[in-house]
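Undergrad: quick one, fold the following:
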Amino acid sequence: MAIINRFADFHAEITAWRRDFHQHPELLFDVHRTAEKIKNLLHNFGCDEVVDAIGKTGIVGIIKGKTNKSGKVIGLRADMDALPITERTGKEYASKFAGKMHACGHDGHMAMLLGAAKYLAETRNFDGAVALIFQPAEEGGGGADLMVKDGLMERFNISEIYGMHNFPTVPMGSFIIRKGAFLAATDEFTIEIEGIGGHAAMPHLAADPVIGGAHLISGLQTIISRNIDPVKAAVLSVTAINAGKAFNVIPRTANIKGTVRTLDEEVRNLVEKRMKEFILNAASAFNLKAKLYYKRGYPVMSNHPKQTDFAANVAAQIVGEEKVDRNVPPIMGGEDFAYMLNARPGAFIGIGQGDSAGLHEETYDFNDEIIPLGCTYWVRLVQSALKIET
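TA: Numbering: from 1, shown residues only. So this is what the prediction gives:
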């Protein structure tokens, strides 16, 4: 494995940054301490420019290479926010704040990009410039969308964009990637059902939203099984049901919530359309009224073919071709890096986290052993994309 030796010297320092981020998790756009620490580190590294408040609390650091014949700028992105979870790892560097936890490895993503930034600022062995992008609010806030709308790409003249995420169960020392749809569109829905409440012993005098809702939940699953082409992926999951409080009262209303995940825009449109049609008719069959509130979330995150091949080649040069899965199956989780890939060509790669708790679990912790590999990937990607011509 061709890890850059210098990262052995940096490893303890980068790990310390990571664990400090882990102890001080912040949510969505409220990442002020995190952003301030990143700004200070980037200044200390000698970045040519450090800009804050991009997309509310996003940070961009610019490092210029030894030469600038190409005038090319590539962007490297790490996410900053944590999750509203109470940690149960028992680690000495566990979160100091109940209800906040880095349970997705964003602390590690920041640390690896910072490690690469320090090395790149020292060596500058590339032609052009690199934009180090530290993004808030990946966990549901759409921070990438706001950074793009705030002129991220145009302001820094970014021509290509790259991202990286850790993946538990994927072996350490390996990478996963695929062309096209990699992670799913993430939509949310709420269904409000209204009936006629009454005494539980006299159901014939009521219009029961609980019974109607139960049938509706079962029927919703047929949208996927009987409307979507079986070779195309889609998930419809009901995740919350709320109705009534007493054992002897039929409630007047019920509320159902859930998520839809798709990898294709046509499938996404069809699911929403069929949900509207089905819910209206199913509710009517039980003498109920129902409204669907469908909220579109992150779009499908789709890797660009040329940049995917490039990123995979860089990874293969480090760990060997046999440890790079270039056609990993799509993942039905979401990722707002999709907005950046919709704005510029690029690729998102997964780095193996090894055997650990899953993402978003209260016992998850980022694996510090993969830091040198992640840093090396970023550096080699920059040096390959912005190669100095001799």
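Undergrad: okay, CA-based contacts and neighbour counts for the rest of this
TA: OK.
Undergrad: Thr190: what secondary structure?
TA: Under DSSP: H, G, I helix; E, B strand; the rest coil, Thr190 falls in the strand class.
Undergrad: in terms of helices and strands, where is Arg33?
TA: helix 32-45 (DSSP states H and E).
Undergrad: try Gly219
TA: Per DSSP H and E: helix 209-227 holds Gly219.
Undergrad: re the thing from before, list the buried ones in the helix holding Arg33?
TA: 34-35, 38-39, 41-42, 45 (16 or more other Cα atoms under 10 Å).
Undergrad: packing partners for that helix?
TA: strand 49-54, strand 58-64, helix 106-123 (3 or more Cα pairs under 8 Å, 6 or more residues apart in numbering; DSSP states H and E).
Undergrad: turn the ones you listed into CSV, including mean pLDDT.
TA: Listed next are the helices and strands packed on helix 32-45 as CSV, based on pLDDT from 0 to 100:
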stretch, mean pLDDT
strand 49-54, 98
strand 58-64, 98
helix 106-123, 98
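Undergrad: Gln221 touches Leu236, doesn't it?
TA: Yes - Gln221 is within contact range of Leu236, at 6.8 Å (criterion: Cα atoms under 8 Å).
Undergrad: among these two, which residue is more densely surrounded?
TA: The neighbour count for Gln221 versus Leu236, taken as other Cα atoms under 10 Å, is higher for Leu236 (19 against 16).
Undergrad: and that one, how far from Leu205?
TA: Using Cα to Cα, to the nearest Å, Leu236 is found at 33 Å from Leu205.
Undergrad: mind putting the helices and strands packed on helix 32-45 into TSV with distance to Val379 and mean neighbour count?
TA: Shown next, in TSV, are the helices and strands packed on helix 32-45 (distance: least, Cα to Cα, whole Å; neighbours: other Cα atoms under 10 Å):
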stretch	distance to Val379	mean neighbour count
strand 49-54	19	15
strand 58-64	12	23
helix 106-123	6	24
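Undergrad: pLDDT below threshold where in the stretch 251-390 of the chain?
TA: Along the stretch 251-390 of the chain, no part satisfies pLDDT under 70.
Undergrad: all strands for it, in order.
TA: 253-262, 289-295, 301-303, 324-325, 346-354 (DSSP state E, counting those that start in this stretch).
Undergrad: quick one on the thing from earlier: tabulate the helices and strands packed on helix 32-45 (JSON lines), appending distance to Tyr298.
TA: As requested, the helices and strands packed on helix 32-45 are exported to JSON lines (distance: least, Cα to Cα, whole Å):
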{"stretch": "strand 49-54", "distance to Tyr298": "19"}
{"stretch": "strand 58-64", "distance to Tyr298": "18"}
{"stretch": "helix 106-123", "distance to Tyr298": "18"}
